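> based on what follows, work out the 3D shape:
(one chain, ligands or ions: 2)
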Amino acid sequence: MEGDDNLAHERNKAEFDVNEMKIVWAGSRQAFEVSNRMSRLVASDPVFDKSNRAVMTRKELFKNTLRKSAHAWKLINELCLSDEESTIFKYFMDQPGFLDLHWRMFVPAIKGQGTEEQKQKWLPLANKMQIIGCYAQTELGHGSNVQGLETTATFNPQTDQFILHSPTQTSSKWWPGGLGKVSTHAVVYARLITNGKDHGVHGFIVQLRNLDDHSPLPGITIGDIGVKFGNGAYNSMDNGFLMFDKFCIPRDQMLMRLSKVTREGKYVPSDVPRQLMYGTMVSVRQTIVSNASVAMARAVCIATRYSAVRRQFGSQNGGVETQVIDYKTQQNRLFPLLASAYAFRFVGEWLKWLYTDVTQRLEASDFATLPEAHACTAGLKSMTTSATSDGIEECRKLCGGHGYLWCSGLPELFAVYVPACTYEGDNVVLQLQVARFLMKTVAQLSSGNAPAGTTAYMGRAKHLLQCRSSIQKAEDWLNPAMVLEAFEARALRMAVSCANNLKKFENQEQGFSELLADLVEAGIAHCQLIVVSKFIAKLERDIKGKGVKNQLKNLCYIYALHLIHKHLGDFLSTNTITPEQASLANNQLRSLYSQLRPNAVALVDAFDYTDHYLGSVLGRYDGNVYPKLFEEALKDPLNDSVVPDGYHEYIRPFIKQDLRSARL
Ligand SMILES: CCCCCCCCCCCCCCCCCCCCCC(=O)SCCNC(=O)CCNC(=O)[C@H](O)C(C)(C)COP(=O)(O)OP(=O)(O)OC[C@H]1O[C@@H](n2cnc3c(N)ncnc32)[C@H](O)[C@@H]1OP(=O)(O)O
Ligand SMILES: Cc1cc2nc3c(=O)[nH]c(=O)nc-3n(C[C@H](O)[C@H](O)[C@H](O)COP(=O)(O)OP(=O)(O)OC[C@H]3O[C@@H](n4cnc5c(N)ncnc54)[C@H](O)[C@@H]3O)c2cc1C
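Ligands and ions are numbered 1, 2, ... in the order given. Here you go, the predicted structure:
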């Protein structure tokens, strides 16, 4: 059977309305229409071709990214795209570059931390891209430890200016995307010093380059930090370094929505939590969770379609061989990833709601839910990006040897995606923030304050600490209350166990350091509970379309039960479930795989990705894999000539046994 017949056959087998599922995936009919239109607009424009990224030199890749960005900006203006449309348009461009940092970090930092006057002055320029900005926080010596940053901004009352200075080599800004070659401006984080006193890290708007000839301003040393992981991939981005030599900026360029410095040099501290200065990071972490679902869905779409096209073994008397997707081992590796893509999508939707809610509360000076918003964005960013990075690599392996080819789309996706485990907060450091939040919540349980939000389940500690799961047969694992209780009991017991161990230390900080590894595990258990609970909550909503809800149910329980299987040690060691109940979960999981199998290809079609966006010969919609693999191979520059360059100098001498003649 040809690849296209395979996939057509698969699509015919689907037991649900794919078009309705596309709407569920997109979030609404309107969101689907925008996404569908924008992805096709990008795909149909030859400027956005991605096919030769792997063979470009760094300079060519960078210049091509500039060209794409300029073309995108022109189109966005000519077509009068709305903010929503242009965000999605840039996403489908699928090209890491300075636009990401300008729109996702520079503009939000000014919006979130600037005064009204500062917003009026800077946002119109930034919105029209008359200035291009980046987010310069991380330094050579410190990234995770924001309070350890060394760059100084010392107020000079004589001139009414701040003097920005990099006192050591380790204080050089190092990593900011867009900084190396493009940005004209940056939001720079530096230690504020007034009257000899260090007030800690604050944000400043700093012009870096001359707006006429793009040269760095006097007192500024700037450049690119060098080639990063993977061919093509993130090397289109000019992550940069930056040093200040007593560089002066006017006082009104300190972002002063929170704390202020007066004309006399008096520091007026913020009357709201200082952590609001970290607001830009919180906002980006929230979007990274939704991005995780997109990246996971992209890898899974490639691996699922290819697994349906690929056949190995099982042929009798010259008949057709088995599609590799029919092997239970393939299903056991692939289907939980498919389920994870949907799970991360729905938790991303919820997190967006939570973020919008906390933003509105902050505007009304209600800071009560800030710790939870921080813990949820940090923890879910950490958990979903780690799972997605691992998932992309698993998808590569699921595609066998051809998955290792650049044209499978998976190596580049992995190389671009994997730094998400590090940027916007190292995943371990972020999970420890969740753990701190959990330890605080556990410590307050006896005070009578009922925990709220995602820790509300801890309010039922008495029950959850001693309950035994009542699962008796495999089908019980499809009971939402029973599944939730297992996840709640496991998360609570792990958190309480850490809290009890902490009590054994006289010094709590020392105890926390000693227990870091356990604390991270407790944080992950809590985050997995959030994802499972939000997926179950999604099923309780009104979901239209023939068979759609049923497929989502299967995916939800595959997600939950595969986690039980993967983290069985946690569930057994906390006595949340028995070995027999674990075995019933496995039986149920196998049965769910069988139910999902005929729908697998349609479930990835529901992502509505264009072949352009997927960028994968293996994941093509038409399944026409083998002829296209040949076409791609023949395009390689090595195949430009039959006898390779270098033959006479270096190959022939081997064959002629005359290496003395080799031009080494
Ligand atoms: C084929 C492929 C093709 C290609 C296609 C591509 C498609 C593929 C798809 C990919 C798409 C890519 C697009 C993405 C674009 C983005 C680009 C990347 C941008 C990256 C930008 C960055 O990378 S930019 C730098 C980020 N750098 C951090 O992320 C530092 C972490 N480090 C901290 O964040 C703090 O350092 C840390 C640890 C909290 C300690 O903070 P700290 O020192 O103040 O200390 P403590 O821990 O003591 O905290 C004291 C109290 O503050 C509370 N608190 C702390 N943080 C809080 C907060 N945020 N909000 C509220 N409260 C907070 C805490 O809960 C405590 O509360 P309490 O006192 O009540 O307990
Ligand atoms: C592709 C990419 C793009 C980036 N873009 C930007 C940008 O635009 N702007 C910007 O300002 N920055 C940017 N960064 C920097 C990024 O935010 C930091 O690299 C990140 O916050 C991690 O900090 P670090 O490098 O200091 O890691 P480190 O903190 O040095 O981490 C090293 C190791 O130490 C561990 N560790 C550190 N602290 C602790 C702790 N307290 N407890 C336990 N373990 C710990 C970590 O888990 C990790 O294993 C970017 C980075 C990358 C890779």
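
> interface residues of the stretch 501-650 of the chain facing ligand 2?
L516 (C-beta under 6 Å from any ligand atom). For glycine as for every other residue, the C-beta is placed from the backbone atoms N, C-alpha and C.

> go with 5 Å
Nowhere does the stretch 501-650 of the chain come near ligand 2, counting by C-beta under 5 Å from any ligand atom.

> please apply the same query to the chain.
Taking C-beta under 5 Å from any ligand atom, the part of the chain that reaches ligand 2 is made up of 135, 137-138, 143-144, 175-177, 419, 422-423, 426, 428-429.

> show me where pLDDT drops low in the protein?
For the chain, the stretches with pLDDT under 70 are 1-4.

> nearest to ligand 2 within it, name that residue for me.
When distances are taken as C-beta to the nearest ligand atom, the chain reaches nearest to ligand 2 at G143, 2.4 Å away.

> surely that residue and P176 touch.
No: the pair formed by G143 and P176 falls short of the contact definition of C-beta atoms under 8 Å, at 10.8 Å.

> looking at those two, which is more packed in?
Neighbour tally, G143 and P176, criterion other C-beta atoms under 10 Å: the higher count belongs to P176, 27 against 18.

> isn't that one right up against D238?
No: under the criterion of C-beta under 8 Å, P176 is not in contact with D238, lying 9.3 Å apart.

> in which helix or strand would I find A375?
Secondary structure from DSSP states H and E places A375 in helix 370-398.

> list the buried residues in that helix.
Along helix 370-398, the positions that meet the burial threshold by neighbour count (16 or more other C-beta atoms under 10 Å) are 370-389, 391-396, 398.

> out of those residues, which are close to ligand 1?
Checking the buried residues of helix 370-398 against ligand 1 (C-beta under 5 Å from any ligand atom), the matches are H374.

> pull the contacting residues for the closest residue to L242 other than its chain neighbours.
Using C-beta to C-beta, 6 or more residues apart in numbering and skipping residues adjacent in sequence, the residue nearest L242 is K173, 4.0 Å away. For K173, the residues meeting the contact criterion (C-beta atoms under 8 Å, 6 or more residues apart in numbering) are 136-139, 151, 166, 179, 186, 188, 240-243.

> dig out what K173 forms beta bridges with.
According to DSSP bridges, the partner residues bridging K173 are E139, L242.

> show me where the stretch 1-150 of the chain has strands.
133-136 (DSSP state E, counting those that start in this stretch).

> quick one: the residue nearest to L242 from R460, how far?
Relative to R460, K173 is positioned 47 Å away (C-beta to C-beta, to the nearest Å).

> what does T287 give?
When distance is defined by C-beta to C-beta, T287 is 32 Å away from R460.

> please apply the same query to A54.
Going from A54 to R460 by C-beta to C-beta gives 53 Å.

> in this structure, which spans are strands?
When assigned using DSSP state E, the strands of the chain occupy the ranges 133-136, 152-156, 161-165, 173-174, 185-194, 197-207, 220-224, 240-244, 247-250, 260-261, 267-268.

> Q316: which of those is closest?
Between Q316 and those, the tightest spacing by C-beta to C-beta is seen for strand 220-224, at 58.7 Å.

> elements contacting that closest one?
On a contact count with 3 or more C-beta pairs under 8 Å, 6 or more residues apart in numbering; DSSP states H and E, strand 220-224 meets strand 240-244.

> and the strand it packs on with strand 220-224, angle?
Following axes from the mean of the first three to the mean of the last three C-alpha atoms, to 10 degrees, one obtains 170 degrees for the angle between strand 240-244 and strand 220-224.

> using CSV, list the CA coordinates for strand 240-244.
In CSV, the C-alpha atoms belonging to strand 240-244 read as follows (Å, rounded to 0.1, in the frame of the first residue of the first chain):
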residue,chain,number,x,y,z
GLY,A,240,24.3,38.7,22.7
PHE,A,241,26.8,40.1,25.2
LEU,A,242,26.8,43.6,26.5
MET,A,243,29.2,45.6,28.7
PHE,A,244,28.7,49.1,30.0
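
> wait, does that strand make contact with ligand 1?
No: with C-beta under 5 Å from any ligand atom as the threshold, strand 240-244 lies outside contact range of ligand 1, at a closest distance of 12.4 Å.

> going forward can the numbers begin at 637, since that is how I track them
Yes, from this point I'll number from 637; that puts the last item at strand 876-880.

> what's the burial count for the residue of the stretch 737-886 of the chain found nearest ligand 1?
Here the residue of the stretch 737-886 of the chain nearest ligand 1 is V782; by C-beta to the nearest ligand atom that distance is 3.6 Å. The number of residues packed around V782, counting by other C-beta under 10 Å, is 17.

> repeat that for L1199.
The local packing count at L1199 equals 27, with neighbours defined by other C-beta under 10 Å.

> doesn't V1168 make contact with it?
Yes: because the distance of 7.3 Å satisfies C-beta under 8 Å, L1199 is recorded as touching V1168.

> which residues do those two both contact?
The overlap between the contact sets of L1199 and V1168 (C-beta under 8 Å, 6+ apart) consists of F1123.

> that older thread, who's more crowded, T923 and R1096?
Each of T923 and R1096 has its neighbours counted (other C-beta under 10 Å); T923 has more, 19 against 16.

> residues touching A822, list them.
The neighbours of A822, taking C-beta under 8 Å, 6+ apart as the test, are 742, 769-772, 809, 812, 815, 841-842, 844, 878.

> spit out the contact partners of the residue nearest to it when sequence neighbours are not counted.
Counting by C-beta to C-beta, 6+ apart, A772 is the residue found nearest to A822 once chain neighbours are left out, at 4.2 Å. Contacts for A772 (C-beta under 8 Å, 6+ apart) come out as 809, 812, 815, 822-825, 842, 878.

> ignoring the adjacent residues along the chain, who's closest to the residue of the chain closest to ligand 2?
Nearest non-adjacent residue to G779, counting by C-beta to C-beta, 6+ apart: W811, 7.0 Å away.

> before we move on, the earlier item: what is the helix holding A1011 packed up against?
Helix 1006-1034 sits against helix 915-945, helix 964-999, helix 1046-1053, helix 1063-1079, helix 1152-1175, with contacts defined as 3+ C-beta pairs under 8 Å, 6+ apart.

> buried sites along the second one?
Read it as helix 964-999. Within helix 964-999, the residues that count as buried by 16+ other C-beta under 10 Å are 966-967, 969-987, 990-991, 994, 998.

> and if you look at stretch 652-667?
Applying a neighbour-count criterion of 16+ other C-beta under 10 Å, the buried positions in stretch 652-667 are 652-654, 656-663.

> which one of those residues sits closest to T701?
A662 (27.4 Å).

> settle this for me: that closest one is touching S671, isn't it.
Yes: the pair A662 / S671 is scored as a contact, 5.4 Å apart, by C-beta under 8 Å.

> re earlier: closest one to F798 out of the buried residues of stretch 652-667, please.
Closest approach to F798 among the buried residues of stretch 652-667 (C-beta to C-beta): G663, at 43.2 Å.

> now the closest one. Nearest residue, chain neighbours left out?
Counting by C-beta to C-beta, 6+ apart, the nearest residue to G663 once its immediate chain neighbours are dropped is E985, at 6.1 Å.

> how far away is the one you found from W661?
The spacing between E985 and W661, counted by C-beta to C-beta, is 10 Å.

> for F980, same thing?
Counting by C-beta to C-beta, the gap between F980 and W661 amounts to 12 Å.

> ok, now G1251?
Between G1251 and W661 the computed distance is 20 Å (C-beta to C-beta).

> ok, now T1246?
Computed with C-beta to C-beta, the distance linking T1246 and W661 is 15 Å.

> check contacts around the closest residue to V994 other than its chain neighbours.
Leaving aside its chain neighbours, V994 sits nearest to A1009 (4.0 Å; criterion: C-beta to C-beta, 6+ apart). A1009 sits next to 918, 990-991, 994 when contact means C-beta under 8 Å, 6+ apart.

> and these, which two are the farthest apart?
Largest separation among the contacts of A1009 by C-beta to C-beta: V918 and L990, giving 10.5 Å.

> how near is the closest residue to E1029 other than its chain neighbours to P972?
Take E1029 and drop its neighbours on the chain: the residue closest to it by C-beta to C-beta, 6+ apart is F1050, 5.9 Å away. In this structure, F1050 and P972 are 18 Å apart, going by C-beta to C-beta.

> understood, closing this out.
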